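# Here you go, sequence then predicted model.
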Amino acid sequence: MALLVSALVFVSITAIAMWSMGVGRREPSTDERLKRLAVLTRVPSEREKELARPLGERLFGPVVQFINNLIISVTPKHVVDAVREKLDVTGNPWNMTPGDYILMRVITLVIIPVAVFGLTLGIGRSTAVMLAFVAAALGWLVPEMMMQSKKKEREKQIRKSLPDVLDLLTVSVEAGLGFDAALAKVVERKKGPLADEFALLLQEIRMGKPRRDALREVAERVKIDDITSFIASVIQADQLGVSIANILRIQSAQVRTKRRQQAEEAGMKAPIKMLFPLIFFIFPTLFVVLLGPAIIQVATTFVGF
């Protein structure tokens with residue numbers, strides 16, 4: 001009996017182990033594999049793409065699109081162009097259209113102050129007007145400050161990655177690649193706003209836009225002196241037939257020299273910037289620690305006298 005129980009336990013454990021390792025599983029047939037492959041490679045229909053979107057986007061997306069089109073139609077063209085340029089300069093981190101940005105400004109400058117005025121009217125008319133002005137001021141300052149912060153962060157990232165990008169471009173061109181292929185190599189190996197700009201540049205060139213115009217548009221979007229100088233040098237080398245490798249090598253050396261000079265300048269400014277916290281925060285603390293006991297002792301002596 002004990003031998004039979006041991007055999008049953010052994011067979012059970014062996015079967016469970018084989019099942020867990022997939023020994024007893026049936027291999028899918030060729031038809032099943034083809035069906036799975038067809039499901040994976042099938043292009044979804046427009047209806048399936050629409051149903052795959054979030055419910056809120058499907059419900060309110062057409063309304064927002066209609067409002068954006070209405071705003072664009074009633075807004076002067078130069079205002080729309082200025083908004084588009086501002087979004088391009090900041091890198092458009094929120095993927096906003098000019099209509100979205102103008103709608104946001106209308107909400108922050110008009111709708112929110114009016115709502116604040118209506119909600120606080122029961123407190124007092126003067127208080128409601130003051131709070132509405134405060135809401136309008138915040139609605140004007142907060143989006144602008146956010147845009148400026150994103151712009152400065154983007155410029156900092158571009159300046160930081162520019163020397164390495166120029167080195168990679170130089171090495172790629174000297175290795176025998178064309179300028180467009182070198183840009184593609186940079187887009188493949190680098191990440192960040194500068195690589196994104198070069199990816200957009202390559203896309204525009206492949207769509208048929210002349211390289212000079214595409215490069216000038218990059219300079220207009222970025223608006224950094226180093227990028228402007230680099231693009232102007234590339235355009236001039238292309239017009240005159242000069243070797244781009246030499247231009248890239250010179251530009252890389254200039255950018256690294258400028259970066260080193262900026263670091264030295266920041267190091268020389270550091271003692272002056274440290275002077276103000278040293279005077280207003282550190283010196284008073286030292287005076288309290290060093291002169292405090294003596295002052296207490298002198299005061300106790302005179303009081304005791």
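Arrived safely, thanks for sending.

# Would you mind giving the domain segments of this structure?
Domain ranges of the chain: 53-150, 155-262, per automatic domain parsing.

# now the ones you listed as CSV including mean neighbour count, distance to Phe280 and mean pLDDT?
Placement of C-beta: from N, CA and C, glycine included. Formatted as CSV, these follow (neighbours: other CB atoms under 10 Å; distance: least, CB to CB, whole Å; pLDDT from 0 to 100):
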stretch, mean neighbour count, distance to Phe280, mean pLDDT
domain 53-150, 14, 26, 82
domain 155-262, 16, 28, 87
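
# Identify each of the strands in the stretch 101-250 of the chain and give its residue range.
For the stretch 101-250 of the chain, strands defined by DSSP state E, counting those that start in this stretch do not occur.

# now the helices for it?
With DSSP state H, counting those that start in this stretch as the criterion, the stretch 101-250 of the chain has helices at 112-119, 125-174, 179-189, 193-206, 211-222, 225-240, 244-277.

# could I get whichever helix or strand comes after the last one in CSV with only the CA atoms?
So the one you mean is helix 244-277. Counting by DSSP states H and E, the next helix or strand C-terminal to helix 244-277 is helix 283-304. Provided in CSV are the C-alpha atoms of helix 283-304 (Å, rounded to 0.1, in the frame of the first residue of the first chain):
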residue,chain,number,x,y,z
PHE,A,283,28.1,86.8,8.8
PRO,A,284,25.1,87.5,11.1
THR,A,285,25.2,83.9,12.3
LEU,A,286,28.9,84.0,12.9
PHE,A,287,28.6,87.3,14.8
VAL,A,288,25.9,85.7,17.0
VAL,A,289,28.0,82.6,17.7
LEU,A,290,31.3,84.5,18.3
LEU,A,291,30.1,87.7,20.0
GLY,A,292,26.9,86.4,21.7
PRO,A,293,28.6,84.8,24.8
ALA,A,294,30.8,87.9,25.3
ILE,A,295,27.8,90.3,25.0
ILE,A,296,25.8,88.1,27.5
GLN,A,297,28.8,88.1,29.9
VAL,A,298,29.3,91.9,29.6
ALA,A,299,25.6,92.5,30.2
THR,A,300,25.5,90.2,33.2
THR,A,301,28.6,92.0,34.7
PHE,A,302,27.1,95.4,34.3
VAL,A,303,23.7,94.3,35.6
GLY,A,304,25.4,92.6,38.6
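
# Roughly how far does Val110 sit from Arg260?
Computed as CB to CB, to the nearest Å, the Val110 to Arg260 distance reads 49 Å.

# oh sorry, the question was meant for Val298
The spacing between Val298 and Arg260, counted by CB to CB, is 54 Å.

# Likewise for Ile279?
31 Å.

# secondary structure class for Met96?
Assigned with DSSP: H, G, I helix; E, B strand; the rest coil, Met96 falls in the coil class.

# Is it in contact with Leu87, as I believe?
Yes - contact criterion CB atoms under 8 Å: Met96 and Leu87 qualify, at 6.1 Å.

# I'd like to check which residues are in contact with Arg216.
The neighbourhood of Arg216, defined by CB atoms under 8 Å, 6 or more residues apart in numbering, consists of Ile231, Ile235.

# and if we set it to 10 Å?
Residues near Arg216 by CB atoms under 10 Å, 6 or more residues apart in numbering: Pro210, Thr228, Ile231, Ala232, Ile235.

# Leaving out sequence neighbours, find the closest residue to the second one.
Translated: Thr228. Nearest residue to Thr228 in three dimensions, chain neighbours excluded: Ala219, at 4.8 Å (CB to CB, 6 or more residues apart in numbering).

# what's the answer for the fourth one, then?
Excluding the flanking residues, the one nearest Ala232 by CB to CB, 6+ apart is Ala219, at 7.6 Å.

# and the gap between the one you found and Pro143?
Applying CB to CB, the value for Ala219 to Pro143 is 26 Å.

# Give me the most central residue, the chain.
Centroid-nearest residue in the chain: Pro93, 5.2 Å away (criterion: CA atoms, centre = their mean).

# so it, which of the three states?
Relying on three-state DSSP, one would call Pro93 coil.

# which ones are touching the nearest residue to it once chain neighbours are set aside?
Closest residue in space to Pro93, ignoring its immediate chain neighbours: Lys150 at 5.3 Å, by CB to CB, 6+ apart. Lys150 sits next to Val89, Thr90, Gly91, Asn92, Pro93, Trp94 when contact means CB under 10 Å, 6+ apart.

# try 7 Å this time
Shown in contact with Lys150 (CB atoms under 7 Å, 6 or more residues apart in numbering): Thr90, Gly91, Pro93.

# what about it, distance to Leu131?
Plainly put, Lys150 is 29 Å away from Leu131 if you go by CB to CB.

# With Ala299 instead?
Distance of Ala299 to Leu131, computed by CB to CB: 51 Å.

# Repeat that for Val79.
From Val79 across to Leu131, the span is 29 Å (CB to CB).
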